[in-house]
Each structure stands twice: as structure tokens, then as C-alpha cells.
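Undergrad: structure for the following, please:
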Amino acid sequence: MTMERTDAEIKPLIPRRRRKSRGSAIWRRFRRNRLAVVGLAIIATLVLAAVFADVIGDYRTKAIKINVRERHIHPNLDHIFGTDEFGRDIFVRVVHGTRISLFVGIISVSIALFFGGTLGAIAGYYGGRVDTVIMRLLDVLLAIPVILLAITIVAALGTSIINLMIAVGVANIPGFARVVRAAVLGVKSNEYIEAARAIGSPNYKIIFNHVLPNCFAPIMVYATLKVATAIMATAGLSFIGLGVKPPTPEWGSMLAAGRGFIRDHMHEVLFPGLAIMLSVLSLNMIGDGLRDALDPRLK
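TA: Down below sits the predicted model:
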């Protein structure tokens, strides 16, 4: 006589297999990198400061309004970062400058990613003469230093935030094109690409629906690192007078304005410099963490 087990008796004998999504697995590996988590916390703080900048300090009365009576005040309880040569609160100016630096960095990298990614994907997917023509033209731009190319573009278009974003974005197009092309060359020979071709999918659909999504990891890591480079380029152009015009608060222009008082009033360059350093350092740490988390060989 055989005894039939009920479902309630069989269930505990079956091991539970939790299928975790790829996103949760990436996040779990990312959290193991403590430096990357610290970098993410710093960037999150800067983003919150940019979002609530008007709550932290009024733009018109504290960031750009001249107050001669409070010139060159060193850090105290009323002005935790001190004031500059025009009596403006440096803490409020650094906070409002976060908006410009992050905004210009993200938008300029988005411009470079869109145009450079498209050119790189086309060159890598089609190959042959198309690849040769596109990459040789981009090599001409790549031969020019990024900051020098950005200076040339800004000098030709004029100084404004929009022209600054265009200049930094165009200067970074060749780098994105090379990264995307290399990633596409490693993907386009896979079986699912051949299957998409076999069923008659047009090339543009194969590129944007099948090739590029599978090149996401190296592109994401490179984009994160390039945002840091774009922030430094923005600060550098503003430092030499080709970026954001005063009295608009921007970290590079604040450094340029305070360098003449660095001996007696070091706080006027210290805090904008620390803001640039922390933002760039944190983005680099996030990029390193993403590289390790997205690498399937490190699972």
C-alpha cells in the first residue's frame, strides 16, 4: 500500500530558488564597494543641495547681491564658508553653483553620448568604408586636446551656458564614438543579431533594439567618468573667463575671483575647490563601482 503525499507535505522538500533580477544583482555587487557607496552618497548630497538651493539660501539676496559691509568675512556661525570680495555668502554661492556644474556636466555628456554613440554604433555595425570614413574624421577631432577644442568652440560661439554645454559635448564625441564602436564590434557577431537579421529586421532596429542595449555596461561606466571630466572642463573654462559669466555662481569662476586673495582669505578658493574635488572624486568612485558591478566575470 503506497502512501500519497499531499502538496502541503511535498512543498517543504522543494528547495526555494529566488530568482533575483539582474538589476538587484548589480546593486548588490555595487554595495560591496564601500568607496562607490561613499561616492554615491556624496553625489546624492550634491543633487539634493542643487534641488533645494533656493531653500538653503536665496539666490538674489545672498548669492549675487553685493554687500560691501560684509566683504572678506572668514567662516563663522552666520557665514559658515565666509564671504567673498563683494560680501556674498560663499556657502550659498557654492550650493547654487552645484546646479550649474551638474547641469552642464550631465547635458554635455548627453550630447556627446547621443552623437558619439550613434556614430560609433554605425561605424561598428556596418564596418568597411563606413567605419573608415567615420573614424578617420573623428580621429581629427581626437587629435585636438579636449580643453583646447572646447576653448575654440566657445570662442567662436560666444560665452554662455548653452555654448559651454555644446563645446564640452562636441569635444567628448570622439571618445564616446570609440567606446561604443568597440562595444558594438564585440556584440554584433552574436547569434541573436544573426537571428534578427534572418527575420528581416531593418538595420536601425537591430542597432537600437538589440546591439546598443547589450553595450550598456561599458557605455554607462564611461559616461559616469566623463561627467566628472565635463565638470572639470566647465570649471576650467569659467576660470579663464570663457564659461559662465559673473555674477552667476559657478565653481570655476569663484576660483578665478578668489585667487587674488588666496594669501589672506584662503576660504574664498578653498570651498569652491573642495566642491570640484568632491564631485569629481565621487563620480570616479561611482564609475569604478559600476565597472566592477557590471562586469559578469566578477560575479
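
Undergrad: which residue is nearest the middle of the protein?
TA: In the chain, the residue lying closest to the centroid (CA atoms, centre = their mean) is Val227, at 2.7 Å.

Undergrad: check contacts around that one.
TA: When contacts are counted by CB atoms under 8 Å, 6 or more residues apart in numbering, Val227 touches 105-106, 109, 283. All C-beta spots, glycine's among them, are computed from the backbone N, C-alpha and C.

Undergrad: SS state for it?
TA: helix (DSSP: H, G, I helix; E, B strand; the rest coil).

Undergrad: ok, how many other residues are close to the closest residue to it other than its chain neighbours?
TA: Among residues not flanking Val227 along the chain, Gly105 sits closest, at 4.6 Å (CB to CB, 6 or more residues apart in numbering). Neighbour count of Gly105, defined by other CB atoms under 10 Å: 25.

Undergrad: pretty sure Gly105 contacts Ala230?
TA: Yes. With contact defined as CB atoms under 8 Å, Gly105 counts as touching Ala230 (4.1 Å).

Undergrad: list residues touching both of those two?
TA: Joint contacts of Gly105 and Ala230 (CB under 8 Å, 6+ apart) are Val168.

Undergrad: backbone phi and psi for Thr83, please?
TA: phi -130, psi 160 (degrees, to the nearest 10).

Undergrad: pull the contacting residues for it.
TA: Contacts of Thr83 by CB under 8 Å, 6+ apart are 67, 70-73, 89-90.

Undergrad: which one of those residues sits closest to Gly116?
TA: Ile90 (36.4 Å; CB to CB).

Undergrad: pull the contacting residues for that closest one.
TA: Contacts of Ile90 by CB under 8 Å, 6+ apart are 79, 81-84, 254, 267-268, 271-272.

Undergrad: where exactly do the helices run in the stretch 51-200 of the chain?
TA: 53-56, 90-126, 128-142, 146-157, 161-171, 173-187, 191-198 (DSSP state H, counting those that start in this stretch).

Undergrad: so which other helices or strands are in contact with the first one?
TA: For helix 53-56, the elements it packs on are helix 90-126, judged by 3 or more CB pairs under 8 Å, 6 or more residues apart in numbering; DSSP states H and E.

Undergrad: could you list the buried residues of the helix it packs on?
TA: 90-102, 104-105, 107-109, 111-113, 115-125 (16 or more other CB atoms under 10 Å).

Undergrad: got it, and stretch 264-278?
TA: 265, 267-273, 275-276.

Undergrad: between these, which sits nearest Val47?
TA: Out of the buried residues of stretch 264-278, the member with the shortest distance to Val47 (by CB to CB) is Ala275, at 13.2 Å.

Undergrad: for that closest one, pull up the helix or strand it's in.
TA: Assigned by DSSP states H and E, Ala275 belongs to helix 267-294.
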